[in-house]
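Novice: take a look and give me a structure for this.
(chains A, B, C and D)
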Protein chains: 2
Amino acid sequence: MPKPVPRISEAEWEVMNVLWEKAPLTASEVTHALQEKTDWKPKTIRTLLDRLVKKQVVGVKQDQKVYTFFPLHTQSECQRAEAQSFLQRIYGGAMKSMLVQFVEEESMTEDEIKELRSILREKTDKQHT
Amino acid sequence: MPKPVPRISEAEWEVMNVLWEKAPLTASEVTHALQEKTDWKPKTIRTLLDRLVKKQVVGVKQDQKVYTFFPLHTQSECQRAEAQSFLQRIYGGAMKSMLVQFVEEESMTEDEIKELRSILREKTDKQHT
DNA sequence: CTCGTACGATTACAAATGTAAGTAACATGC
DNA sequence: GCATGTTACTTACATTTGTAATCGTACGAG
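Specialist: Okay, the predicted model is just below:
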């Protein structure tokens, strides 16, 4: 069993998202990737990377002179951990409640709803195979 | 339009959850309700209540001698705000991705899946009425 | 009337988080 | 070889959060 994923803060999630997409990356590559979505200074991003390394969510290796960073946990793993605690706290643990709220509040288009249905349908179909 | 909901921390959410269920409550009633789920000291809970008041997520009124606390925002409103930011950060904004992950990873029983399907079905049915 | 209680108000204090700046060392272009 | 820029390493500092304790006061039990 991989050890439980450490907590990842909001800002850190942004960093992780770019690492999952394109790791391994140097600090400056991460910085460039984030410059589009945020207005964080390079130093700030560097701090976030260092913290992630200390938390052991991210690994480093020294290429030539420069460090490259890469995730030590899969995105799914981390998403699951967050989703778990989020659902617990906010919706009493029930994905159902969340979904109900989304459909009730018209915050999904009918197409989205159909898409979700088809996802669920595929799943149950598969289970009978 | 109600002003955007302030950020509610994890511990504060626990307090809000009891207030939404049974407000208005005095501090000691909240404490009793939480004593079952947490091992926070009464002083701690009081601090959380005070912070929620300062953030204007909770209101107070003075009954006789003692304060009673009650939510100033609906649970749905707050859930929506959290869900919004959560989905954005963790799943790139797509409820779909979250749902896919849940079904893929076998973390839902077939019954749960059926339940979700039926929720979605009701919704589209209703839209045609 | 007095003492303990229950509350409210104020204060505490460490860890996590957001958001960097300073400083040193190396590699590179002149 | 020297000035510059880039990177790493170290330090900073305010705010939020978790988790309370202390102090003052009024009220009810004796």
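
Novice: could you tell me which residues of chain A lie near DNA strand C?
Specialist: Contact residues, chain A versus DNA strand C (Cβ under 7 Å from any atom of the strand): A:7, A:9-12, A:39-41, A:43-44, A:46-48, A:65. Every residue, glycine included, has its C-beta placed from N, CA and C.

Novice: can you lay out the residues you listed as TSV showing secondary structure?
Specialist: Below are these laid out as TSV (DSSP: H, G, I helix; E, B strand; the rest coil):
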residue	secondary structure
A:Arg7	coil
A:Ser9	coil
A:Glu10	helix
A:Ala11	helix
A:Glu12	helix
A:Asp39	coil
A:Trp40	coil
A:Lys41	coil
A:Lys43	helix
A:Thr44	helix
A:Arg46	helix
A:Thr47	helix
A:Leu48	helix
A:Lys65	coil
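
Novice: if I look at A:Gln64, how far off is A:Leu52?
Specialist: Separation of A:Gln64 from A:Leu52 (Cβ to Cβ, to the nearest Å): 22 Å.

Novice: which of these two has more neighbours?
Specialist: Shown here are A:Gln64 and A:Leu52; by other Cβ atoms under 10 Å in any protein chain shown, A:Leu52 has more neighbours (23 against 6).

Novice: tell me the bridge partners for the residue in chain A that DNA strand D sits nearest to.
Specialist: Nearest to DNA strand D in chain A, going by Cβ to the nearest atom of the strand, is A:Tyr67, at a distance of 3.4 Å. As for beta bridges, A:Tyr67 partners with A:Gln62 under DSSP bridges.

Novice: identify the residues contacting it.
Specialist: A:Tyr67 is in contact with A:26-27, A:60-61, counting by Cβ atoms under 8 Å, 6 or more residues apart in numbering or on different chains.

Novice: can I see the domain layout of chain A?
Specialist: Annotated domains of chain A cover A:1-93, A:94-129 [automatic domain parsing].

Novice: need those domains in TSV (columns: mean pLDDT).
Specialist: Formatted as TSV, the domains of chain A follow (pLDDT from 0 to 100):
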stretch	mean pLDDT
domain A:1-93	93
domain A:94-129	83
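
Novice: spatially nearest residue to A:Pro6, not counting backbone neighbours?
Specialist: Once flanking residues are discounted, A:Pro6 sits nearest to A:Lys55: 4.4 Å by Cβ to Cβ, 6 or more residues apart in numbering or on different chains.

Novice: out of the contacts of A:Tyr67, who's near DNA strand D?
Specialist: Among the contacts of A:Tyr67, proximity to DNA strand D is found for A:26-27 (Cβ under 7 Å from any atom of the strand).

Novice: from the contacts of A:Tyr67, which two are the most distant?
Specialist: Greatest spacing in these, by Cβ to Cβ: A:Ala27 and A:Lys61 (12.8 Å).

Novice: who has more neighbours, the two?
Specialist: Neighbours per residue, other Cβ under 10 Å: of A:Ala27 and A:Lys61, the larger number sits with A:Ala27, 19 against 9.

Novice: quick revisit: tell me how far the residue nearest to A:Pro6 lies from A:Arg121.
Specialist: A:Lys55 is 39 Å from A:Arg121, where distance means Cβ to Cβ.
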